[in-house]
Each structure stands twice: as C-alpha cells, then as structure tokens.
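Asks: Show me how the following folds:
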Amino acid sequence: MFRNVQLKYQLFLLISISIIALILIQYFYYHQFSISTKERMSMMFYNLTNQAEQRLLSMNEDIENIAFMISYSTNIQKYILEEDEAHRWDMSDFLQEYLNSMVESNNNILSINIVDRKDRRLSSKSNGEYYILSKILSDYELIEINNKDPFYTNAYIDNKSGEVYYAYVNPIFSISKGYYSDESIGYTIVLCKAQGANSMIENVKLPSKSIFMLVDGSNRIVSSNRTDMRGKKLNNSLIRILYRNSIIEENTEVEYKGEKYLIYGSTIQNTEWKIYSMVKISELLTDIVQFKKKVIFVIFITVILLFSIGHIIIKSITDPVNHIITSLEQIDDLTNRKRIEIKGGNEIAVIGGYINDMLDRTELMTQKILDAQNALYMAQISETRAQISLLQSQINPHFLYNTLECIRSIALYYGVTEIVDISTCMGKIFRYALKEEEIVTIENELECVQDYFTIISIRYGDRFSLMLDVDREILKKNIIKMTLQPLVENAVYHGLEQKRGKGILEIIGYMEEGGNVILEIKDNGKGIAAKELDKINKNLQTSNLPILEHSTNKRSIGLINVNNRIKLNYGKEYGIEVSSEENQGTVVKMTLPR
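Replies: Numbering: from 1, shown residues only. Model prediction:
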C-alpha cells in the first residue's frame, strides 16, 4: 500500500507516528507512576495508622495490667469485703498510698478508684475529678447492674480545663475462701488522661492537612492531631460516610466536603473505639500533579521540535530525489551523455559519482569484514586458552584434604601425636572455612575456635589456657562464619604472646536485657595504649570503609574486617568495641542481633 505513496508523505507519516508513540509512552509512564505513587502512599498511610494503633494497644495493655493487679490484690479484696467501718478506715491510708504509687508508675493515669457494690469508694490522690467518677457510675449503672466484663468508657470532658478523660473499668470478683459468687463485689476504675494518646498521635508523621483521630463508642473524638477537634462529636455527615462505607481495616476513597479523601479505619482491640485517619488525595498527589505539568510541557516542546525538524528533513531528502527522478526522465537512451547534477554536498548529491566505485568499495568492505571476523576468532581462541589455563591452575579442595590426611597418617605411623592433632584440627578448620553457608551457629564457631586453640596450645605448650563461659541459650543463635577466630588470634598474638607468665583467654557469651547477643573475648595480656585504643575505636565506629583507610596495623585490620562484616550483614547498631588497660588486658565486645 505504501509503495505508491510519495516519499515525503511516508516520511511525514513516520514522524507523526513517532510523535503519537512518544505521547502514548509519556502518558503510560505518567499513568503508571501515578498508580504506583498512590499505592505507595496508601501503603505508607496504612502502616502509619497501624503503628499508632499498636502503640495505643500497648498503652492500654499497661493500664489493664495495673487494673487487674489492683483488683486481685489481697488487701484490696479484704478492704471491699470488710464490713467493719473502723477496720476499713485503718486500711484506707495504706491502700491509698498503694493506689498513689500505681498512679505515679504510669503517666497516662489520672487517678485509680475502688468502688464496691454499696457505692463505698477509695481513691488515689485526687485532682478534683470526683464528678467524672460519679458520672461514670451513673452512666453505666455500675452499682445497679452486675458487670462481669472489663471495658473502656466513652470520653468525658473536664468543663474547667477542657481536658479529655476516659476510664477503664475492671470488675472485681472475690478470691477469698468461703466467699463464692458470680457477681462482682466492686470495680477498679482507672481514670486516664487522653494526653498520652495525643502525644502518640502527634508523633505520627502525616501530610500537613491530614486528620488523625481516636473515636469512642459514642462518636466523640478522644484524641486527634487537630487540637480543635479533641473532645468534640463527629458531625453527622462524616458519621454517615464512615459507617456507609464500612471503613474498617482497608483504605477507602470517599468524598467529603467536595473533596476526595483516602480514609483508613480500625477498631481498637477489646473496645468499641475506632481509629480513623484521613488525608486529601490531592495532597498525596501534589508531586504527581507537578510532574504531570512538566510532562505536558516537555511533550508540547518535543512535538514542535519534531514537526519543525521533520519538515526540514523531508525537504532535504525529497527535493534532491525529485530532481534525480526528473533528470532520469530526460535521458532518452544510453547515448545521451547528460548526467545527474545535484547541488550541495549531501549523500544524494554524490550517489551518481560513486556508482562506478561501488563494487570496489564493496570488495574492500568484504575484506574488512573477513579481517574483523578473523581477529574476533583469534580473540576467542585466546580467551578459551586463558580459561583452560585458569581451570588447570585451580586447586581442588579435596587434594588439600587428602594431603592433610596423608600427613596425619604418616604422623600416626611415627607416633608424632602433635602433628596428628595439628593436621586433624587444620583439616577441620579448612573444611569449616570452605562451607557454603555464610551464617553458622555460635556453637559451630566455638568449635572452630577450640580447634584453633588446640594448635596454639601445641605450639606454645602450657603458656596459654582457654576458658569458655557461654550461656546454653545462645549456642544455637546465628553468627557470621569465621568472626570469632580472628579475634581470638588477635588476642593471642597481640596480647598473650607478649606477656610474661601464664596467659588466660576467656570467651563469655550471654543475652543482654535488650535482647542482643553479647560475646566477649577477654585476655590478661599486654593490653593497648590509650592513644592507640582511642584510634582503634574511632576506626570501628566508621562502618563499611576500606580497611586501608583505617590503618595498616595488623591488629586493626583484623578487628575492622570483622566489624565491617557484622555491620554489613546486621546493620550499623551491631559490631564490636574494644576496651583495654595497658599491662592489664583487653576485652573485645561483639554485639549481635537476637
């Protein structure tokens, strides 16, 4: 079909298709970028909301544990069941101090109140919130109704300060002998401040105009990143949106006040409370809108440039071609000596002059191709020979194992036990070092150290001794292969070897309170000078740099190598640190993740 179309129209069509393809590619890229950005922001939004929810659950768990501990305290049980008011009065001061201490142990607690079914009350030191306690007792009919399950109340507002409070109500059942009943004997009511939730929500990094709120069962906002919303009821239009779309455990797009929002909601465990987060979609896509404007501008400029350049190219090609066609039409027969003359120096202008030389140039090009193929063939032969030489020069590990076994057999024959032990340990260390697994257990690493120390003991006699004090619970924990042995070797050659008298090397392993695994390599050797020790620790704090940038000292090279491997595998917070006192000894502390 295109054979009958003029060349200039074909070129114009080609340029037009290129422009359309460019526009489609740019649009597709923008569309995919918009989708991926929106999904990424939605996932970030979802994760931040879940993070806040987990913090709130942790805060509630602390409050629930305190309430449970108080409810089933022996003294609290005696106080509630005691009918003698004189005895109750004698116990009240002590119990009030007990409640005060519990309040002071948690910054989110305002007060703790014990109320029995006769409405007799015992409270911690009060800040004047009695009316809130009375309102809770009244609203939930705690005196009249036998509540068996603990629950969180709705939010209450202090009319004087404007602060928002809520309470956790834990029913108390008797655990005293001889008193059996399925009815509660009272309640532990923990009155909580919403400030803790406010602080937690304020720490959640969300877009500037987003709304993050904690809502109770009555649709009152307990806490929010917007201070003007705290303590207020959700407006009806927002309530309808939230409940109509069932916004729980998923990101949902809704329209609110003429704008589209992305909303995520979650119900707080063991409560009727919900946590909602709202952000304008337009705010999420601010960067995409700017990107869209730039893309449109680039496409507009590109289209203009392509059309302009295309028009120039079309004329530079079609005009000389049309002149060639016209000139060929004017040649009647072979005797006509008229030749094609085209002004200019482009390729079309020299076509006629190079026709006779075409075969020569073709032959020359063919020869060049053959030469290039021959050169490529020779290069491939050279590469193959180099690979064969490399393979021939590689050492088979089994040859080394067999050599060590041969040495061991000869030593056994001649009864040289030291060589037997050394070759056995060398073989075990060699096999261990060449294992494919990069991560091993601490138990495996200690076995390698013991094999190494066997060799050291044979070399130095009884000068050095190795002591292991490693908790059994960490023996199966993971460690990077060949990280302990270099540290032990450092301790022997830089510490113990230069010491006069008995040298002791001790490896201590335990799990610290934070959950990290700690391994300490202690020696009573020469120690390290303060200036050199400071330099070593500074180098260790600089992670993942080439060893030569730190030091050419052999002690530093070994320490930095192990330290870098640990940090590269586990993170910057892990690694080794060195403490030492000159002429007293050195301790290398290795910190690993749990």
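Asks: And T586, what's its pLDDT?
Replies: Each residue has a pLDDT score; the one for T586 is 95.
Asks: Same question for S316.
Replies: Note for S316: predicted pLDDT of 68.
Asks: And I455, by the same measure?
Replies: I455 is assigned a pLDDT of 89 by the prediction.
Asks: any idea how far it is from K435?
Replies: Remark: distance between I455 and K435 (Cβ to Cβ, to the nearest Å) = 19 Å. Using the backbone N, CA and C atoms, a C-beta is placed for each residue, glycine as well.
Asks: Looking at the two, which has the bigger crowd around it?
Replies: More neighbours surround I455 than the other of I455 and K435, with 17 against 11 (other Cβ atoms under 10 Å).
Asks: next structured bit after the helix or strand where the more buried one lies?
Replies: Secondary structure assigned from DSSP states H and E places I455 in helix 442-460. Following helix 442-460 in sequence order, the next helix or strand is strand 464-470 (DSSP H and E).
Asks: And that next one, what's buried?
Replies: Within strand 464-470, the residues scored as buried using 16 or more other Cβ atoms under 10 Å are F464, L466, V470.
Asks: for those, which one is nearest P171?
Replies: Comparing these against P171 with Cβ to Cβ places V470 closest, at 48.5 Å.
Asks: Excluding chain neighbours, give the residue nearest to the closest one in space.
Replies: Closest residue in space to V470, ignoring its immediate chain neighbours: G509 at 3.5 Å, by Cβ to Cβ, 6 or more residues apart in numbering.
Asks: So which residues make contact with the helix holding I455?
Replies: Outside of helix 442-460, the residues within contact range by Cβ atoms under 8 Å, 6 or more residues apart in numbering are 418, 421-422, 425-426, 428-429, 432, 464, 466, 468, 470, 474-479, 481-485, 488-489, 492, 497, 505, 507, 509, 517, 519.
Asks: which ones among these are found in helices?
Replies: With helices taken from DSSP state H, the overlap with those comprises E418, D421, I422, C425, M426, K428, I429, Y432, L484, Q485, V488, E489.
Asks: And those residues, which two are furthest apart?
Replies: Farthest pair in those, by Cβ to Cβ: E418 and L484, 24.2 Å.
Asks: In terms of neighbours, single out the busier of those two.
Replies: Looking at E418 and L484 with other Cβ under 10 Å, you find the greater number of neighbours at L484, namely 24 against 12.
Asks: Pull up the gap between that one and C448, please.
Replies: In terms of Cβ to Cβ, L484 sits 7 Å off from C448.
Asks: Could you do I480 as well?
Replies: Per Cβ to Cβ, I480 is found 12 Å from C448.
Asks: more neighbours, those two?
Replies: Taking other Cβ under 10 Å, I480 and C448 do not tie; C448 has more neighbours (21 against 17).
Asks: so what secondary structure elements neighbour the helix or strand encompassing S266?
Replies: Using DSSP H and E, the element containing S266 is strand 259-267. On a contact count with 3 or more Cβ pairs under 8 Å, 6 or more residues apart in numbering; DSSP states H and E, strand 259-267 meets helix 7-71, helix 236-244, strand 251-256, strand 274-280, helix 281-284.
Asks: That one: partners in the sheet, and parallel or antiparallel?
Replies: strand 251-256 (antiparallel), strand 274-280 (antiparallel) (DSSP bridges).
Asks: How far away from the center of its chain is the longest one?
Replies: When you say that, I think you mean strand 274-280. Taking Cα atoms, centre = their mean, to the nearest Å, one finds strand 274-280 lying 24 Å from the centre of the chain it belongs to.
Asks: can you count the residues close to L412?
Replies: 13.
Asks: Tell me the confidence at it?
Replies: Here the pLDDT value assigned to L412 is 76.
Asks: swap in the one 10 residues further on?
Replies: At I422 the predicted local distance difference test score is 85.
Asks: same deal with the one 5 residues further on?
Replies: The model reports G427 with a pLDDT of 82.
Asks: Hmm, it is touching I407, no?
Replies: No. Using Cβ atoms under 8 Å, G427 makes no contact with I407, being 9.2 Å away.
Asks: The helix holding I455 to strand 464-470, inter-axis angle?
Replies: Angle of helix 442-460 versus strand 464-470, following axes from the mean of the first three to the mean of the last three Cα atoms, to 10 degrees, is 170 degrees.
Asks: buried ones in helix 442-460?
Replies: Residues 442, 444-446, 448-449, 451-457 are the ones in helix 442-460 that count as buried (16+ other Cβ under 10 Å).
Asks: Redo those as TSV? Include distance to N563.
Replies: Formatted as TSV, the buried residues of helix 442-460 follow (distance: Cβ to Cβ, whole Å):
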residue	distance to N563
I442	18
N444	21
E445	16
L446	20
C448	19
V449	18
D451	24
Y452	20
F453	22
T454	27
I455	25
I456	23
S457	28
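Asks: Closest to D371 out of those residues?
Replies: Set against D371, the nearest of these by Cβ to Cβ is C448 (58.0 Å).
Asks: confidence score at the closest residue to the closest one other than its chain neighbours?
Replies: Excluding the flanking residues, the one nearest C448 by Cβ to Cβ, 6+ apart is Y432, at 5.1 Å. Turning to Y432, the model gives it a pLDDT of 85.
Asks: where in the stretch 451-594 of the chain is pLDDT low?
Replies: Along the stretch 451-594 of the chain, the parts satisfying pLDDT under 70 run over 543-555.
Asks: repeat that with 50
Replies: Counting by pLDDT under 50, the ranges of the stretch 451-594 of the chain that qualify are 545-552.
Asks: so who does K280 touch?
Replies: By Cβ under 8 Å, 6+ apart, the contact list for K280 reads P207, K209, S210, E259, K260, Y261, L262.
Asks: Just the buried ones among those residues, please.
Replies: Using 16+ other Cβ under 10 Å as the burial test, those include S210, Y261, L262 as buried.
Asks: Pull out the buried positions in stretch 74-83.
Replies: Within stretch 74-83, the residues that qualify as buried are I76, Q77, Y79, I80, counting by 16+ other Cβ under 10 Å.
Asks: measure the second one to E83 for me?
Replies: The gap separating Q77 from E83 is 14 Å, by Cβ to Cβ.
Asks: From the buried residues of strand 464-470, pick the one nearest S16.
Replies: S16 lies nearest to V470 out of the buried residues of strand 464-470, by Cβ to Cβ, at 75.9 Å.
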